[in-house]
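Student: Task: produce atomic coordinates for the following.
(one chain, ligands or ions: 1)
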Amino acid sequence: MARVLVIYHSRTGHTESMAHAITGTLQGEGLDAECRRVEDTTPEDLLGVDGVIIGSPTYYGTMSAEVKKLLDDSVKYHGRLDGKMGAAFSSAGSTGQETTVISILEALLIHGMVVQGDFQGHHYGVTSTGKLQEEDLTRCQRFAQRYAALVKKLYSS
Ligand SMILES: Cc1cc2nc3c(=O)[nH]c(=O)nc-3n(C[C@H](O)[C@H](O)[C@H](O)COP(=O)(O)O)c2cc1C
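Tutor: Prediction:
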């Protein structure tokens, strides 16, 4: 069974709600998925999983310092995360979510991770604005279902 770690930072709960919705859907799809706050995550945690999904609030159009710190600390395993499946999500007050998602994906791609876009939904990774609405949860589910389908193809043996 493929193992996935959903890591998030959240001060006011919006990114956290997305993380929980994504993790719940991954588990519903039969994956061994765990949700963890970035403050409780170490670079070592990235080693033991097949996939990593990282969520951050949008802070000035990019990821929060807490998420950046984890990614910067992960340099000690540069080369060892190659081929894992990555993805990213973000919540903003109004705008800037896409550049935040891309900023996370840049680091995951540099690690050599596999990243899937979306031809129909949010292209780069799922995003939301302010307090989560029902449609945001539906988007999180779609994002997680697509992630689950590919991670199973890549890593379930
Ligand atoms: C330091 C800081 C910078 C922010 N920068 C932006 C921004 O560039 N664009 C935006 O729309 N919202 C911005 N916000 C608002 C947050 O992105 C928004 O409230 C988000 O939903 C918070 O997510 P959380 O509930 O998971 O903490 C900023 C908030 C803080 C605290």
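
Student: And for the longest helix anywhere in the chain, what's in contact with it?
Tutor: Identified as the longest helix of the chain according to DSSP state H is helix 134-155. Contacts of helix 134-155 from elsewhere in the structure, counted by C-beta atoms under 8 Å, 6 or more residues apart in numbering, are 2, 4, 17-18, 21-23, 25-26, 29-31, 50-51, 53, 85, 87, 89, 114, 116, 118, 121-122, 125-126, 128. No exception for glycine: its C-beta is placed from N, CA and C like everyone else's.

Student: List only those of these flagged as buried.
Tutor: Buried positions within the contacts of helix 134-155, assessed by neighbour count (16 or more other C-beta atoms under 10 Å), are 2, 4, 17-18, 21-23, 25-26, 29, 31, 50-51, 53, 85, 87, 89, 114, 122, 125-126, 128.

Student: So which of these sit within helices?
Tutor: Of the positions in these, 17-18, 21-23, 25-26 sit in helices, assigned by DSSP H.

Student: Now pLDDT and distance to the ligand too, for those, in a markdown table please.
Tutor: As requested, these are exported to a markdown table (pLDDT from 0 to 100; distance: C-beta to the nearest ligand atom, whole Å):
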| residue | pLDDT | distance to the ligand |
| --- | --- | --- |
| Ser17 | 98 | 8 |
| Met18 | 98 | 8 |
| Ala21 | 98 | 13 |
| Ile22 | 98 | 13 |
| Thr23 | 98 | 15 |
| Thr25 | 98 | 18 |
| Leu26 | 98 | 19 |
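
Student: Of these, which pair is most distant in space?
Tutor: Farthest apart among those by C-beta to C-beta are Ser17 and Leu26. That separation is 15.1 Å.

Student: Okay, and which of the contacts of helix 134-155 map to strands?
Tutor: Mapping the contacts of helix 134-155 onto strands (DSSP state E) picks out 4, 51, 53, 85, 87, 89, 114, 128.
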